[in-house]
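**Q** sequence and predicted structure, then a few things I'm wondering about:
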Amino acid sequence: MPLTPVLTSRFAHERSWTIETYERTEGWTAWRTALGMTPDELVTLVKDSGLRGRGGAGFPTGMKWSFIPQPKPGETPTGPAAKPKYLVVNADEGEPGTCKDLPLMMADPHSLVEGVAIASYAIRCHYAVIYVRGEAVHAHRRLTAAVAEAYAAGHLGRDVHGSGFDLDVVVHAGAGAYICGEETALLDSLEGRRGQPRLKPPFPAVAGLYGAPTVVNNVETLASVPFVVRGGSAWFKEFGPEKSPGPKIYSVSGRVVHPGQYEAPMGTTMRELLEMAGGVRPGHELKFWTPGGSSTPYFTPEHLDVPLDFDSVAAAGSMLGTTALMVFDETDSIVEATLRFTEFYAHESCGKCTPCREGTYWLVQILERLVAGHGTARDLDLLTDTCDNILGRSFCALGDGATSCIASSLKYFRDDYVALLPPDEQGRLGRTLKLEP
Ligand code: NAI
Ligand code: SF4
């Protein structure tokens, strides 16, 4: 297997964010290679590499690009194929515990901008937008400077490198709402409206920005693309499992000796990553952890050897999500941690649909009651029942994600909830009525 680091290989270079450093380390060469290929060849290359979206869902990147309707040779295009195409970078990283895209944009912004250029050419788009999270003013500044450097070097603009291809790239600041990381809410926000999810289908690939075909890709996904072009699909596939290959940035935080970003191939286990992070703090034991941020069901020490790739994590009952590995030890209360996450979802719920808007509010009320020691035996069923009424009934993934921490904490640590009940309520546990669905 080839060695990492790949995506973070420039992080230690002096002034790694400048075009001088980038070009000295083979940067922007993939763009020239790509311009010598046809767009269809590029789509095939990325498809063959097995690159899957790093925003959380793991959708195959090349396949997403291939969904963009293109005019057929010799025919007058109609419908979506006749419209302009857009590429939108989702740089609105907001999942609790996730901090992989921001360091990438800060330390190596040109790898993203080069990835944007290659992806734009592949889908025949001439206008790309990088939508950066509102609070990340530093990343916005850095990307703006990198895009200006790329224009000055002739990598962007009119007739790039004499290819006849035009490309404009704009860096746009969001306003700091978690929901704007949902791709269609992000598009609404870009169009100047309040960011709220749209009904899917139609997917953005058919009707996205201004109703035109749009690819929405995550930062880490696009930053991987120049490496795919330079190294080839076979090289990329050598990192990790066949169905989810590639180098990956894992955010390790919480009760570890050295929290931070660790790059390793897809399929690396938590046991290996914990070792890289110096282990759980001395004198303490791992109690639970998140494989992909707070929207993914918790894992426990029994999951330490699950390969962290999309399929293996799903088979073990959770989701790889954003590979945000938050580590908790025996001093942490799982009910309090779950309350904290649920408060976040209640606060960030956009309010468009009732199950999520009302449900997350009530989940907070119940969890607060339990944490305060005023819970009732019925509350445990009520938590499950409320989650059942949100899961699968919400308009977007936020509602479903909000139930993950509650359902999985009850599955693995029900006794911790019971221990918070007053003694007389504990005696009522066996007699609680199961609520009707
Ligand atoms: P999704 O599975 O609905 O879609 C994934 C991507 O594939 C989207 O771009 C979608 O447009 C595309 N797609 C799916 N089916 C398609 C089809 N038939 N035709 C064309 N395109 C298609 O997932 P979603 O709701 O976009 O994302 C959920 C994930 O986001 C969660 O797994 C979570 O881990 C992650 N997430 C990430 C955050 C972050 O800060 N990076 C924040 C919150 C959640
Ligand atoms: Fe808004 Fe929540 Fe409904 Fe998503 S699930 S549309 S965030 S209210």
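**A** That came in fine, so what should we check first? Ligands and ions are numbered 1, 2, ... in the order given.
**Q** who's in contact with residue 142?
**A** The neighbours of residue 142, taking C-beta atoms under 8 Å, 6 or more residues apart in numbering as the test, are 17, 105, 106, 109. Backbone N, C-alpha and C define where each C-beta goes, glycine included.
**Q** enumerate the residues of the protein near ligand 2.
**A** Contact residues of the chain with respect to ligand 2, defined by C-beta under 6 Å from any ligand atom, are listed as 179, 197, 349-353, 356-357, 394-396, 398-399.
**Q** now, of those residues, which are buried?
**A** Buried residues within these, defined by neighbour count using 16 or more other C-beta atoms under 10 Å: 179, 197, 349-350, 352-353, 356-357, 394-396, 398-399.
**Q** if we can go back for a sec, and which of the contacts of residue 142 is nearest ligand 1?
**A** For ligand 1, the closest of the contacts of residue 142 turns out to be residue 105, at 13.0 Å, with distances computed as C-beta to the nearest ligand atom.
**Q** neighbours around that closest one, how many?
**A** Using other C-beta atoms under 10 Å, residue 105 has 30 other residues around it.
**Q** just the residues contacting whichever helix or strand it is part of, thanks.
**A** Using DSSP states H and E, residue 105 sits within helix 101-107. Helix 101-107 has contacts (C-beta under 8 Å, 6+ apart) with 7-8, 10-11, 16-17, 91, 93, 111-112, 132-133, 136, 138-139, 142-143, 218-220, 223, 249, 261.
**Q** which among these count as buried?
**A** With neighbours counted using 16+ other C-beta under 10 Å, the contacts of helix 101-107 contain these buried positions: 7-8, 10-11, 16-17, 91, 93, 111-112, 132-133, 136, 139, 142-143, 218-220, 223, 249, 261.
**Q** name the residue of the stretch 151-300 of the chain that lies nearest to ligand 1.
**A** Checking the stretch 151-300 of the chain residue by residue against ligand 1 with C-beta to the nearest ligand atom singles out residue 203 as nearest, at 3.6 Å.
**Q** could you find the closest non-adjacent residue to that residue?
**A** Spatially, and ignoring its direct neighbours in sequence, residue 203 is nearest to residue 67 (7.2 Å; C-beta to C-beta, 6 or more residues apart in numbering).
**Q** got the contact list for that neighbour?
**A** Contact partners of residue 67, counting by C-beta under 8 Å, 6+ apart, are 203, 205, 206.
**Q** now, which of those residues sits nearest residue 319?
**A** Looking at the contacts of residue 67 and their distance to residue 319, the nearest is residue 203, at 19.8 Å (C-beta to C-beta).
**Q** quick one: buried residues of stretch 275-286?
**A** Neighbour counts over stretch 275-286 (16+ other C-beta under 10 Å) mark 276, 277, 279, 280, 286 as buried.
**Q** distance of the third one relative to residue 301?
**A** Counting by C-beta to C-beta, to the nearest Å, the gap between residue 279 and residue 301 amounts to 13 Å.
**Q** neighbours of the nearest residue to residue 53 once chain neighbours are set aside, how many?
**A** Leaving out its chain neighbours, the residue that sits closest to residue 53 by C-beta to C-beta, 6+ apart is residue 59, at 4.6 Å. By the measure other C-beta under 10 Å, the count of residues near residue 59 is 16.
**Q** just residue 76 next, same as before
**A** A count of neighbours around residue 76, defined by other C-beta under 10 Å, yields 8.
**Q** count of residues packed around residue 203?
**A** The number of residues packed around residue 203, counting by other C-beta under 10 Å, is 17.
**Q** and it, backbone torsions?
**A** Here the main-chain torsion angles of residue 203 (degrees, to the nearest 10) amount to phi -80, psi 160.
**Q** hang on, residue 87 packs against residue 123?
**A** Yes: using C-beta atoms under 8 Å, residue 87 and residue 123 qualify as a contacting pair, with a distance of 6.4 Å.
**Q** quick one, which of the two is more surrounded?
**A** A count of neighbours by other C-beta under 10 Å puts residue 87 above the other of residue 87 and residue 123, at 29 against 24.
**Q** check the secondary structure at the more buried one for me.
**A** Going by DSSP: H, G, I helix; E, B strand; the rest coil, the secondary structure assigned to residue 87 is strand.
**Q** residues touching it, list them.
**A** Under the criterion of C-beta under 8 Å, 6+ apart, the contact list for residue 87 reads 116, 119, 120, 123, 125, 127, 128, 129, 214, 215, 217.
**Q** state the pLDDT value of it.
**A** The model reports residue 87 with a pLDDT of 98.
**Q** what of residue 404?
**A** Taken from the predicted model, the pLDDT recorded for residue 404 is 97.
**Q** enumerate the residues of this structure near ligand 1.
**A** Taking C-beta under 6 Å from any ligand atom as the criterion, the contact residues of the chain with ligand 1 come out as 53, 55-57, 59, 64, 67, 93-95, 98, 181, 183, 203-205, 216, 292, 295, 319, 321-322, 397.
**Q** restricted to helices, list these.
**A** Using DSSP state H to define helices, the subset of the residues of the chain next to ligand 1 located there is 64, 183, 397.
**Q** beta partners for the closest residue to the second one other than its chain neighbours?
**A** If you skip the residues right next to it in sequence, residue 183 has residue 216 as its closest partner in space, 4.2 Å away by C-beta to C-beta, 6+ apart. Taking DSSP bridges as the rule, residue 216 bridges to residue 88.
**Q** my read: residue 216 touches residue 200, true?
**A** No: counting by C-beta under 8 Å, no contact exists between residue 216 and residue 200, whose distance comes to 11.4 Å.
**Q** neighbour count for the two, which is higher?
**A** Legend: neighbour count by other C-beta under 10 Å for residue 216 and residue 200, higher for residue 216 (25 against 14).
**Q** can you tell me the element residue 22 falls in?
**A** Using DSSP H and E, the element containing residue 22 is helix 19-24.
**Q** and that helix, what's its mean pLDDT?
**A** The predicted model assigns helix 19-24 a mean pLDDT of 98.
**Q** now do the contacts for the residue nearest to residue 80 when sequence neighbours are not counted.
**A** Nearest residue to residue 80 in three dimensions, chain neighbours excluded: residue 69, at 4.4 Å (C-beta to C-beta, 6+ apart). The contact partners of residue 69, by C-beta under 8 Å, 6+ apart, come to 79, 80, 81, 206, 213.
**Q** quick one: the strands in the stretch 201-350 of the chain?
**A** In order along the chain, the stretch 201-350 of the chain carries the following strands (DSSP state E, counting those that start in this stretch): 214-218, 247-254, 260-265, 286-290, 324-329.
**Q** count the residues that sit near residue 80.
**A** Residue crowding around residue 80 was assessed by other C-beta under 10 Å; the count is 18.
**Q** next one: the spatially most central residue of the chain from residue 98, what distance?
**A** In the chain, the residue lying closest to the centroid (C-alpha atoms, centre = their mean) is residue 55, at 2.5 Å. Residue 55 sits 10 Å away from residue 98, going by C-beta to C-beta.
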